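K.L.:
Here is a sequence with its predicted model. Questions after.
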Amino acid sequence: MPDPTTIRTAVVTGAARGIGAAIAERLVAEGIRVVVNDVDEAVLAQTAAAIGAVPLAGDAASTDGVDRLVAAALQEFEDEGGIDLFVANAGITSGVGLEASDADWARLLEVNLMAQVRAARRLVPMWLESGGGRLVLTASAAGLLTMLGDLPYSVTKHGSVALAEWLAATYRHRGIIVQAVCPLGVDTRILEQAGPLKDLLTRDGTLSPEDVAEAVWQGLHGESVHILPHPSVRQYYAGRAADPDAWLGGMSKIQQRLERAST
């Protein structure tokens, strides 16, 4: 079983606040040197100062942005020999369904999925040469189940889980461990903006970002592709796979309750 104490360096994106900041803080507490990234430069600087991380502000979704972040992190970690762990955490929601515009789709595809693809594209060849590395993708329980009321979010988070699974199947035997973090309700801005879906997302309890960070840290002790901060997600996922029509029937009933509540 992998020993996370061998992780000397890490990069965490979307780390100005919320889950990303909590993961970065947890890693720093374990003696790991951490670079944090976010588009919100001012808040990122405050977070980095508070937890003892190195801030590198910028857009980690674009190819150029990922390249700049990785290059700067490699320079920062030159004495340690490179990047041991990359946590692609940045993510956004749209809050709309089929009426989502092309701009909505483009925005969520870039931030929730293509940022992770581009990080993998940049890091995996480097790790293959160095003998290994670890990539953690913040997905969502929506990536294993679905997210009523937010079609682009649901689809892109499914894509994030699929990316983690494909990378794990392709590269695990070559020393690269890839994992997807799939929580339900977490006390972040995304949950506060969930509107009538908030009750659904919190029916199994609301975790703090620090709870998720602890689940990630424990996940780093193994190779399980799915890190599930809410244990109930495992049962929901198994039920969905065993009888998808029955599961969809249950989700349809929840959708109908949401529609009645909004009228």
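P.N.:
Happy to help now that I have it.

K.L.:
Which residues belonging to the longest helix seen in the chain are considered buried?
P.N.:
With DSSP state H applied, the helix covering the greatest number of residues in the chain is identified as helix 151-171. Within helix 151-171, the residues that count as buried by 16 or more other CB atoms under 10 Å are 151-161, 163-164, 167-168, 171. Bear in mind the C-beta positions are built from the backbone N, C-alpha and C, glycine included.

K.L.:
again, but for stretch 236-243
P.N.:
By neighbour count on 16+ other CB under 10 Å, the buried set for stretch 236-243 is Tyr236, Tyr237, Arg240.

K.L.:
Okay, and which of the residues you listed map to helices?
P.N.:
Of the buried residues of stretch 236-243, the ones assigned to helices by DSSP H are Tyr236, Tyr237, Arg240.

K.L.:
any idea of the pLDDT on the first one?
P.N.:
In the predicted model, Tyr236 carries a pLDDT score of 92.

K.L.:
Next up, the contacts around it.
P.N.:
Each residue near Tyr236 by CB atoms under 8 Å, 6 or more residues apart in numbering is listed here: Ala141, Leu144, Leu145, Trp247.

K.L.:
In this structure the first one contacts Pro231, no?
P.N.:
Read it as Ala141. No - in this structure, Ala141 is not within contact of Pro231 by CB atoms under 8 Å, at 11.3 Å.

K.L.:
More neighbours: which of the two?
P.N.:
Here Ala141 and Pro231 are compared on neighbour count by other CB atoms under 10 Å; more neighbours surround Ala141, at 26 against 9.

K.L.:
for the ones in helices among the buried residues of stretch 236-243, which one is nearest Ala261?
P.N.:
When those are compared for distance to Ala261, the smallest value, 21.7 Å, is given by Tyr236; criterion: CB to CB.

K.L.:
Next one: the closest one from Gly219, what distance?
P.N.:
Here Tyr236 is placed at a distance of 19 Å from Gly219 (CB to CB, to the nearest Å).

K.L.:
Kindly report the same for Val66.
P.N.:
Computed as CB to CB, the Val66 to Gly219 distance reads 23 Å.

K.L.:
ditto for Ala10
P.N.:
The spacing between Ala10 and Gly219, counted by CB to CB, is 14 Å.

K.L.:
Counting neighbours, go ahead and name the busier of the two.
P.N.:
Ala10 (26 against 21).

K.L.:
For the closest residue to that one other than its chain neighbours, what are phi and psi?
P.N.:
Nearest-residue entry for Ala10: Leu85, 4.0 Å, with adjacent residues in sequence omitted and distances by CB to CB, 6 or more residues apart in numbering. Leu85 adopts backbone torsions of phi -140, psi 130, taken as degrees, to the nearest 10.

K.L.:
dump the residue contacts of Leu85.
P.N.:
For Leu85, the residues meeting the contact criterion (CB under 8 Å, 6+ apart) are Ile7, Thr9, Ala10, Val11, Leu27, Ile32, Gly133, Arg134, Leu135, Val136, Leu220.

K.L.:
mind checking pLDDT for the fifth one?
P.N.:
Read that as Leu27. Model confidence at Leu27, given as pLDDT, is 98.

K.L.:
roughly how far apart are it and Ala71?
P.N.:
Here the criterion is CB to CB. By it, Leu27 lies 21 Å from Ala71.
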